[in-house]
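Participant: Quick one: sequence and predicted model below, then my questions.
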Amino acid sequence: MFVSHFAISQQFTSAYELLAEMTNSADRLNYSGLVTYEKSGRLKTLKVLHLARDEISYEKIVHVDGPKGEFAQWRHRAACKGLNPMISGNDLPSLNEDSLKRFAGSYSFEIRGQSRVASRIGTLLFIKPNDQFRLPYILTIDQQSNLILKSVILDLSGKPLERFQFIEIAIGGDLDLLELPASAATGNSNSNCNLGFIEQEQRQWLVDWVPPGFVMTSSEKNEASDHTTMVFSDGLASFSVFVISGSKSSGLPSFTSSSGATTVVSVKLNLDGAPITVSVVGEIPQATGKKIAQSILQSSETTKTP
């Protein structure tokens, strides 16, 4: 059952306000539940636990089916203000206040009614990119708690690529009485807190073109393998750029593939007689990945920052 845009807008003056409420709730509420994650025809089920105590956020994700595995992370919100938020370790969508501010200029937002997910009523929010370089999203946001109940990433034609949704969820109640694990209660984060802009001139390899709004959030070089990794984000979507130079580059193929919303583009380039292989992996269209990969420059060359 759908309701009018006007009826929902009486509660939220804008779609952006709804997003802001959602990002605040996701970081500060206690909740647990079962989540299904669908990608490229494969479905997996995850058990999620999120606890918020004072300024500490803790999250644990356990694989319910398939190979055993679990992921836990915690952080002090003040110390890690720019951290990509919780429910981010294993493919699940995540947003926080800082990422919202960053991607707001690259997307348009539209409330499209309501839907029922995990026995709860949620507001449908369409996130449309302002250009052809990134992908659209549809979020279902719980009307009582403002948590994300469902997230769908679409291709540029509107076809679903990836789907995440709660099938069971509990909020508050006995969860409010649980204590944090001793390792998390110290407040010391076990996640990388640095999501600030990194000046490209400090790196060996430069990405001469990225879609507007994307900034580099991390960069790492492995001297032993001549392997450089750079990560870019617009606050919602992200992609990684891998540059392999030297002899290890010669045997690597060029190819393009996709798995769900994740694009993989690998190209071979020759810079001043030196062969390199550039791979771009992320939640972006294939054409965007190819353009990024082909824009790699050495740091000695003139470049523009995003």
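Facilitator: Cool, got the structure. Residues are numbered from 1 along each chain as shown.

Participant: quick one: residue 214 and residue 235 touch, right?
Facilitator: No: Residue 214 is not in contact with residue 235 according to Cβ atoms under 8 Å; the separation is 9.0 Å. (Glycine included, C-beta is placed from N, CA and C.)

Participant: quick one: common contacting residues for the two?
Facilitator: Residues touching both residue 214 and residue 235 by Cβ atoms under 8 Å, 6 or more residues apart in numbering: none at all.

Participant: longest helix in the protein, by residue count?
Facilitator: helix 15-28 (DSSP state H).

Participant: For it, buried residues please.
Facilitator: Judged by neighbour count (16 or more other Cβ atoms under 10 Å), helix 15-28 contains these buried residues: 15, 18, 19, 20, 21, 22, 23, 25, 26, 27.

Participant: Distance from that helix to the middle of the chain?
Facilitator: 16 Å (Cα atoms, centre = their mean, to the nearest Å).

Participant: How about stretch 63-71?
Facilitator: Counting by Cα atoms, centre = their mean, stretch 63-71 comes out at 20 Å from the chain centroid.

Participant: now swap in stretch 228-243 and tell me
Facilitator: The answer for stretch 228-243 is 10 Å, by Cα atoms, centre = their mean.

Participant: Stretch 104-115 now?
Facilitator: Counting by Cα atoms, centre = their mean, stretch 104-115 comes out at 17 Å from the chain centroid.

Participant: Checking my notes, residue 289 in a strand, right?
Facilitator: No: under DSSP: H, G, I helix; E, B strand; the rest coil, residue 289 sits outside any strand and is assigned helix.

Participant: what about it, how many neighbours?
Facilitator: 25 (other Cβ atoms under 10 Å).

Participant: what sits against it?
Facilitator: 239, 256, 263, 264, 265, 280, 281, 282.

Participant: Quick one: the buried residues of helix 15-28 as a markdown table, columns for distance to residue 100 and pLDDT too.
Facilitator: Below are the buried residues of helix 15-28 laid out as a markdown table (distance: Cβ to Cβ, whole Å; pLDDT from 0 to 100):
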| residue | distance to residue 100 | pLDDT |
| --- | --- | --- |
| 15 | 12 | 87 |
| 18 | 11 | 89 |
| 19 | 6 | 85 |
| 20 | 6 | 83 |
| 21 | 10 | 85 |
| 22 | 9 | 85 |
| 23 | 5 | 79 |
| 25 | 12 | 83 |
| 26 | 11 | 76 |
| 27 | 11 | 76 |
